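> pasting the sequence and the predicted model now:
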Amino acid sequence: MFELFFDRNFYNFNRSIKDMNPYQIKDFDNYSILVHNVIGIKEEDLDISIVHERNVSYLEIKGETKNNVLGSTYSVNSRFAIDKDNIKSINYKVEDGLLYITINYKEPCKEDIKITRI
């Protein structure tokens with residue numbers, strides 16, 4: 001049988017989202033995109049929800065998938081504090097091992113208050 005040998009001198013792997021800092025957030029005018037590393041976790045095994053704890057709202061990401069070939073389990077358990085009163089909608093998709101969560105914000109209220117000098 002041939003023994004596999006890993007060539008460390010050849011190895012090069014570049015990924016901006018690393019395991020110890022598994023997310024990046026890009027902010028735009030009316031929305032933000034949260035990109036989270038979920039490599040090894042099936043999209044149908046992910047649970048994206050809003051939970052409330054001690055008067056704080058969190059966007060929570062949980063998921064777990066067992067890999068039968070390796071005999072190991074891949075999992076994610078993250079949460080981000082949010083201001084739920086300013087969020088219009090949240091959409092997500094998984095692509096190439098990354099979870100893309102788009103957080104759409106409500107339009108800010110523009111109060112028309114007439115100010116006159118008396």
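Good, I have the coordinates.
> name the residues that touch the helix or strand containing Y100?
Using DSSP states H and E, Y100 maps to strand 98-105. Applying Cβ atoms under 8 Å, 6 or more residues apart in numbering, the contact partners of strand 98-105 are 17, 30-39, 46, 48, 59, 61, 82, 86-94. Yep, even glycine has a C-beta here, placed from its N, CA and C like the rest.
> got it, and stretch 45-57?
Defining contact as Cβ under 8 Å, 6+ apart, one finds that stretch 45-57 is touched by 38, 58-65, 76, 79, 81-84, 90, 92, 94, 99, 101.
> for PyMOL, write the select line for the buried members of those residues.
Typed into PyMOL, the line below selects the buried ones among these, using 16 or more other Cβ atoms under 10 Å:
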select buried, resi 38+58+59+60+61+62+63+65+76+79+82+90+92+94+99+101
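> returning to that earlier point: now the contacts of strand 98-105: which count as buried?
Members of the contacts of strand 98-105 classed as buried by 16+ other Cβ under 10 Å are 31-32, 34-38, 46, 59, 61, 82, 87, 90, 92, 94.
> widest-spaced pair of these?
Using Cβ to Cβ, these reach their maximum pairwise distance at N37 and I87, which is 22.9 Å.
> just the buried ones among the contacts of strand 98-105: which are in strands?
Counting by DSSP state E, the part of the buried ones among the contacts of strand 98-105 found in strands is 31-32, 34-37, 46, 59, 61, 82, 87, 90, 92, 94.
> including pLDDT and distance to K114, could the residues you listed go into TSV?
Below are these laid out as TSV (pLDDT from 0 to 100; distance: Cβ to Cβ, whole Å):
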residue	pLDDT	distance to K114
Y31	95	32
S32	96	34
L34	96	40
V35	96	44
H36	95	46
N37	93	51
L46	97	49
L59	95	39
I61	95	46
I82	93	34
I87	95	31
I90	97	36
Y92	97	43
V94	97	50
